[in-house]
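*Asks:* pasting the structure only:
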């Protein structure tokens, strides 16, 4: 496993799957954007708050004690989120991921999950920093959540505490992962954002720790999301390099995508003990089959993670618009979508004032 790694990192995408939930009486014709990409995934930020201050996402010098988060009245209610989810489902959306900020900080989140699960035909997942997952895993599963993704940037406790910048220990995140597994929120995916000179020396240890557990570690290139994380290309560890480092000690081979639009390139261990993923948004853009829309905490629709502006759906929700009117608005937005930021990234685009990840969700 040497010189085959880099060329095989090119995505080998599966064909689009049939739409889920076609018995929905309100189902519209499936949407496609200007580049023929369907609307399959909706990521919903349920809060712009987080109890971590990760240096690549919510650095303390920006998100300090005086930072003004959204007032409660601006945040979408569970009923408003569920209504939009129903409309997106009618347009062919099959998967909803709850994000933040840290979504488990949203009070009574289990109630929202119950409401979304009642819609039927949706793959319901959640991304969390794992800080309170040990206490919430069972209730999340009972409410109807299907899987969780846990952010964990290193197993080295000192490195992890430095990166989350609130002195939070690795051990408590691992407890959350164990609790999620016991509750049946599996397979658990573990996301590691890799930054050169900060945590890249712990890549192989992370892979080794979860090899054979059934969990899937995904190594994510440090991205220029938002405008506050001091992103530099020099800090990016290309996914091809990540795979080379792991393969040198734990031989892997490429695997086809599970479905059209899957963001992670899959690699399985040659001994059959599981797999890893790499998300190469910087060095190997996957814009061509991006099927994801993002709903911010206060109801703005964004058609790209690197967007500079969004579309206000809350105004429609609170302005007596009918479901049909909202559905037509979403269709109009998506049909004109032509985003491909990662394919056209330049020194000029990097400097744009983009929406922060803590606001739009990852």
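*Replies:* Thanks, I have the structure now. On a predicted model such as this, the values are computed, not experimentally measured, just so you know.
*Asks:* All the helices of this protein, in order from the start?
*Replies:* Taking DSSP state H as the criterion, the chain carries its helices at 5-8, 78-90, 109-117, 133-143, 157-164, 170-183, 203-210, 239-249, 314-317, 323-335, 341-344, 347-350, 357-360.
*Asks:* Show me which positions of the longest one end up buried.
*Replies:* Of the residues in helix 170-183, those scored as buried under the neighbour-count criterion (16 or more other CB atoms under 10 Å) are 170, 173, 174, 175, 176, 177, 179, 180, 181, 183. Any C-beta I mention is one placed from the backbone N, CA and C, and that applies to glycine too.
*Asks:* Leaving out sequence neighbours, find the closest residue to the fifth one.
*Replies:* To tie it back to what came earlier, the one meant is residue 176. residue 133 (3.0 Å; CB to CB, 6 or more residues apart in numbering).
*Asks:* that older thread, go through the helices of the chain and name the closest to residue 101.
*Replies:* Among the helices of the chain, helix 357-360 comes nearest to residue 101, with 5.4 Å by CB to CB.
*Asks:* For this structure, give me the ranges with low pLDDT.
*Replies:* Low-confidence segments of the chain, defined by pLDDT under 70: 1-29, 224-231, 285-286, 339-359, 361-362.
*Asks:* picking that back up, farthest-apart pair in the buried residues of helix 170-183, please.
*Replies:* Longest span within the buried residues of helix 170-183, CB to CB: 170 and 183, 20.4 Å.
*Asks:* how much space between residue 295 and residue 194?
*Replies:* For residue 295, the distance to residue 194 (CB to CB, to the nearest Å) stands at 27 Å.
*Asks:* quick one on the thing from earlier: and which of the buried residues of helix 170-183 is nearest to residue 67?
*Replies:* residue 173 (24.1 Å).
*Asks:* Number of residues surrounding the nearest residue to that closest one once chain neighbours are set aside?
*Replies:* In space, and not counting its chain neighbours, residue 173 is closest to residue 130: 3.9 Å by CB to CB, 6+ apart. Residues lying near residue 130 (other CB atoms under 10 Å) number 28.
*Asks:* Ok, the one 4 residues further on next?
*Replies:* Other residues lying near residue 134 total 18 when counted by other CB under 10 Å.
*Asks:* repeat for residue 256
*Replies:* 12.
*Asks:* Just confirm it contacts residue 266, I think it does.
*Replies:* Yes - contact status for residue 256 versus residue 266: in contact at 7.3 Å, counting by CB atoms under 8 Å.
*Asks:* ok, back up a step: quick one, what contacts the residue nearest to residue 173?
*Replies:* By CB atoms under 8 Å, 6 or more residues apart in numbering, the residues touching residue 130 are 150, 151, 152, 172, 173, 176, 177.
*Asks:* Check residue 234 too.
*Replies:* Here residue 234 is in contact with residue 196 (CB under 8 Å, 6+ apart).
*Asks:* what's the spacing between it and residue 30?
*Replies:* Counting by CB to CB, the gap from residue 234 to residue 30 is 42 Å.
*Asks:* Quick one: the strands in the chain, in order.
*Replies:* 41-45, 95-99, 123-128, 147-151, 189-194, 216-221, 252-255, 265-269, 275-279, 292-295, 300-302, 311-312 (DSSP state E).
*Asks:* Tell me which residues of stretch 112-124 come out buried.
*Replies:* Buried residues in stretch 112-124 (16+ other CB under 10 Å): 112, 113, 114, 115, 116, 119, 122, 124.
*Asks:* Show the end-to-end separation of stretch 276-283, please.
*Replies:* The first and final residues of stretch 276-283 sit 18 Å from each other (CA to CA, to the nearest Å).
*Asks:* Show residues contacting it.
*Replies:* For stretch 276-283, using CB under 8 Å, 6+ apart, the contacting residues are 9, 189, 207, 216-224, 233, 236, 238-240, 242-243, 246, 252, 263-267, 269, 286, 305, 342, 345.
*Asks:* out of these, which are buried?
*Replies:* 9, 189, 207, 216-224, 236, 238-240, 242-243, 246, 252, 263-267, 269, 286, 305, 342, 345.
*Asks:* relative to its centroid, which residue of the protein is most remote?
*Replies:* Centroid-distance maximum for the chain: residue 320 at 31.1 Å, with CA atoms, centre = their mean.
*Asks:* Could you report the separation of that one from residue 111?
*Replies:* 25 Å.
*Asks:* now swap in residue 283 and tell me
*Replies:* 41 Å.
*Asks:* now residue 261
*Replies:* Taken as CB to CB, the span from residue 261 to residue 111 is 29 Å.
*Asks:* Neighbour count: these two, which is higher?
*Replies:* With neighbours defined as other CB under 10 Å, residue 261 and residue 111 compare such that residue 261 has more, 21 against 13.
*Asks:* Is that one in contact with residue 289, as I believe?
*Replies:* Yes - counting by CB under 8 Å, residue 261 touches residue 289, with 5.0 Å between them.
*Asks:* what is residue 96 paired to in the beta sheet?
*Replies:* When bridges are called by DSSP bridges, residue 96 pairs up with residue 42, residue 124.
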